[in-house]
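A.B. asks: Provided below for reference: sequence and predicted model.
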There are 2 protein chains.
Amino acid sequence: MCTPSLRAAVARLAAPMDTVGAYHFGWIDRAGNPAAGDGGKAVRPALALLSAEAVGASAEVGVPGGVSVELVHNFSLLHDDLMDGDETRRHRATAWTVFGPAQAILVGDALATLGTEVLLDAAVTGGASAVDAARAVRLITTATRGLIDGQAMDVEFEKRDVVTVEECLEMEGGKTGALLAASAAIGAVLAGADDRVSGALQRYGHHLGLAFQAVDDLLGIWGATEVTGKPHWGDLRQRKKSLPVCAALAEGGTASRRLADELADPKGRGEESEEQLAARAALIEEAGGRAWTQDEARRQHQTALAALDEVPMTDAVREHFVALAEFVVVRER
Amino acid sequence: MCTPSLRAAVARLAAPMDTVGAYHFGWIDRAGNPAAGDGGKAVRPALALLSAEAVGASAEVGVPGGVSVELVHNFSLLHDDLMDGDETRRHRATAWTVFGPAQAILVGDALATLGTEVLLDAAVTGGASAVDAARAVRLITTATRGLIDGQAMDVEFEKRDVVTVEECLEMEGGKTGALLAASAAIGAVLAGADDRVSGALQRYGHHLGLAFQAVDDLLGIWGATEVTGKPHWGDLRQRKKSLPVCAALAEGGTASRRLADELADPKGRGEESEEQLAARAALIEEAGGRAWTQDEARRQHQTALAALDEVPMTDAVREHFVALAEFVVVRER
C-alpha cells in the first residue's frame, strides 16, 4: 500500500540520485534493469498503517506516515553502511560500494528530507490537518535524532573493549527503538489521535524495537548467512558489542573472562579464522549471553504487548499488532 | 542574536557529536578549549532576522528561522567537505579530517534534523503559530532538497570536461540560491507573512545567492588565500567547473579552446605547478570568463534588489537588505 507513494517520492530525486535510491531499495539492479529485489521487511510501514486503523481511521490516512518512516529508515541504512564499511545488505552490494561514498551520503540526506516532505504533503492533499501533519513531522524528527544518537553510540563502542548492558540497550533504543516507536504512532497522529494514545503506541513500538534488536543481535552471531543475507559471523568478526556479547561480559565467570581477554587483545583483529569465531560464539553462549538475550527479547515483547492494552482498538487491529510483534521475535532474518 | 540559540541547539547533541559540532562552528579548538573562531559570515541568520522585520515583526520572531538556516547551512558544509575531500575551511582543519568521516556524516545529519526541530519549537514557545511553523518547515525542507540537488550536480560535474553556463547556474541556484532564498523569507513566514511577500523575499535571496556564488567563484580563482582561508588556486587545482571556467569555455576563441584542451587532458591532473595554474587563470581571463562572471554578479545583484521593491517595508529594513547585498558582492572572502 505504501510502495507506489514510496516509489513516487524517490522518483522525485534529481538524477543520478533517483537511480541510486531505486538501486538501494532493490527496485533496479546496478545496470538499471528492473529487479524484484528484497526490499526489506517493511515492518515500519505496516505499523504506520495499523496505527491509523488503531484509532478508527482508514489505513490510507497512515500512508504518508508509512512512506516517511521507510524513507528515514533507508536514510539511516545508506549512511550506516558507509560509516560501518558494510559491503552487503539484503544479499546485495551496498549503495556506497556501487555508486561511491558521495552518492550514499547525498541520497541518504535526500531521503531524510523527503521523509519530512511527504508528511507536509499529507496536509496539502487533505489526508491530515496542518496541525496533525506538523505533529507527525515532530514525531519523525525526534525519531531521526534518536536514530542518529544510537548510531553515534554504536560508532563510539567500536573503539571500546567493554560496553555495559545498559549502554547497549540505550544504543539499541536509539538505533532501533526510536523509529519503530514513531512508526507505531505516526498513522494515529496523522488521524488526529491525542498524545495519550500516541504515547502508548510509541511505547509498544519502542519495546518492539528492543525485542527486534535483541533478535537481530542473536541472528548476527547465530543466524544462517544464507537466510540473513549478512556475512557469516559478521558481528563477531567486527568485534561488535551487541547484546549477547555485553551480557556475556557482564556475567563475570570463567568463560566471560576468557571472552574479555580475547576481545581486548589487538592481535589478529579482523583476521580471525572461522574456527576461532565459532569458538568465540561458544564462549558467549557458555557465559550466558545467548540465553540472556533470548530472555530479553521475550521481556521486551511482553512489555510491548502490555502497552497495546492502553489503547482501545478493534480485535482485528490488535491481532495484527500482536502478529507483527510475533513475527519480529520468531523471524530468522 | 542567533548565537545563544544556535549554541543551545548544538549543545543538545549527544556526546561526542556536541564536541564535533562546536569544533565545526569554531567555538572550540581540536583540544576542546574555547576558541573565538571565525564562525563564517552569518549572512543567512542576518537575512532571517531582517525578513521578520520586513513584515513589521520584531527580529526575535525570526531567531528560530536564523538558527534553522545556519544549522542547515552547516549540515551541508560538513557533508560537502567530506564528499569533496576539502581539508580546510575558515582557516581550520575540516571536521572530517579531525574527527573522522563517520562523525562528519553523523553530525551533519544531526544538524539537519535540529534545523527542523528549532522551527517546531518556535510554535511551542509561542513565537509563531503552529501553521506558520509548519510553513517554515516546508521552506527549509524545500531549500535542503535544493541544496542536495545542487551538490549532486556539483559532484557529477567533477567527472565531466565541459559544463554549460546554464548547468553551472542551475547547480549554483541549488547549492547557494536555495538556502539564501529560504533565509530571506523564513523570518517573514514565522511572522505570518502571506505567500506573495514570502515569494518576493525568496526571489531576493535566490538572486543574492547567485551573486554570492559568482563572487565566490571569482575568489576561488583570484582571491588571496590569506583572506579567503581556502588553498591558493584551489578551484583550478581541482579543475572545478565554476562560472568563470564555464563562461570561458563557452566563448570559443583561441584562449577558450586552449583552456578546453588543457582541462580535457588527464595528464598532470592534480599535480599542476603554481606557474601552470597561474597560466590557466590567465587563459580564463583572456577568454572573458572573469569579466563575464563579474557582470553576472552585478546582474544578479540588481535582480535581487528589484525583488525587494515588491515588498512594502520601512526604509531602515530596506537599507539593511541593500547593505547585505552590497556586502555579498564587494567582499574579498
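C.D. replies: Here it is on my side, so go on. Residues are numbered from 1 along each chain as shown, chains lettered A, B, ... in the order given.
A.B. asks: can we go C-alpha only for contacts and neighbour counts from here?
C.D. replies: OK.
A.B. asks: Break down chain A into its strands, ranges please.
C.D. replies: Listed in chain order, the strands of chain A (DSSP state E) span A:88-89, A:92-93.
A.B. asks: In JSON lines, list the ones you listed along with mean pLDDT.
C.D. replies: Converted to JSON lines, the strands of chain A look like this (pLDDT from 0 to 100):
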{"stretch": "strand A:88-89", "mean pLDDT": "89"}
{"stretch": "strand A:92-93", "mean pLDDT": "94"}
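A.B. asks: now these in a markdown table, with distance to B:Glu251 and mean neighbour count?
C.D. replies: Listed next are these as a markdown table, based on distance: least, CA to CA, whole Å; neighbours: other CA atoms under 10 Å in any protein chain shown:
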| stretch | distance to B:Glu251 | mean neighbour count |
| --- | --- | --- |
| strand A:88-89 | 47 | 17 |
| strand A:92-93 | 44 | 16 |
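A.B. asks: and those strands as CSV, adding distance to B:Trp27?
C.D. replies: Below are the strands of chain A laid out as CSV (distance: least, CA to CA, whole Å):
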stretch, distance to B:Trp27
strand A:88-89, 39
strand A:92-93, 40
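A.B. asks: what would these look like in a markdown table with distance to chain B?
C.D. replies: Putting the strands of chain A into a markdown table (distance: least, CA to the nearest CA, whole Å) gives the following:
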| stretch | distance to chain B |
| --- | --- |
| strand A:88-89 | 18 |
| strand A:92-93 | 20 |
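A.B. asks: mind checking which of the ones you listed is nearest A:Gly177?
C.D. replies: Counting by CA to CA, A:Gly177 lies closest to strand A:88-89 out of the strands of chain A; the figure is 20.3 Å.
A.B. asks: Partner strands of that closest one, with direction?
C.D. replies: strand A:92-93 (antiparallel) (DSSP bridges).
A.B. asks: Does A:Ala182 touch A:Val137 like I think?
C.D. replies: No - when contacts are counted by CA atoms under 8 Å, A:Ala182 is not listed as touching A:Val137 (10.2 Å).
A.B. asks: Counting neighbours, go ahead and name the busier of these two.
C.D. replies: A:Ala182 (33 against 28; other CA atoms under 10 Å in any protein chain shown).
A.B. asks: show me what contacts the more buried one?
C.D. replies: Contacts for A:Ala182 (CA atoms under 8 Å, 6 or more residues apart in numbering or on different chains) come out as A:Val69, A:Leu139, A:Ile140, A:Ala143, A:Gln202, A:Gly205.
A.B. asks: go with 10 Å
C.D. replies: Residues in contact with A:Ala182 (CA atoms under 10 Å, 6 or more residues apart in numbering or on different chains) are A:44, A:47-48, A:65-66, A:69, A:136, A:138-144, A:189, A:198-199, A:201-206.
A.B. asks: Please go through these and note which also touch chain B.
C.D. replies: Subset of the contacts of A:Ala182 in contact with chain B: A:Arg138, A:Ile140, A:Thr141, A:Thr142, A:Ala143, A:Thr144, counting by CA under 10 Å from any CA of the partner chain.
A.B. asks: Count the residues that sit near the residue of the stretch 151-300 of chain A found nearest chain B.
C.D. replies: Residue of the stretch 151-300 of chain A nearest chain B, by CA to the nearest CA: A:Ala152 (6.9 Å). Using other CA under 10 Å, A:Ala152 has 23 other residues around it.
A.B. asks: wait, isn't it in contact with B:Val20?
C.D. replies: No - taking contacts as CA atoms under 10 Å, A:Ala152 lies outside contact range of B:Val20: 11.6 Å.
A.B. asks: Need the overlap of contacts for the two.
C.D. replies: What both A:Ala152 and B:Val20 touch, as defined by CA under 10 Å, 6+ apart, is the set B:Gln103, B:Leu106, B:Val107.
A.B. asks: Identify, from those, the entry nearest to chain A.
C.D. replies: B:Leu106 (6.5 Å).
A.B. asks: ok, for the closest one, nearest residue in space, not its chain neighbours?
C.D. replies: A:Ile148 (6.5 Å; CA to CA, 6 or more residues apart in numbering or on different chains).
A.B. asks: show me what contacts that neighbour?
C.D. replies: A:76, A:80, A:142, A:154, A:171, A:174-175, A:178, B:13-14, B:17, B:105-107, B:109-110, B:113.
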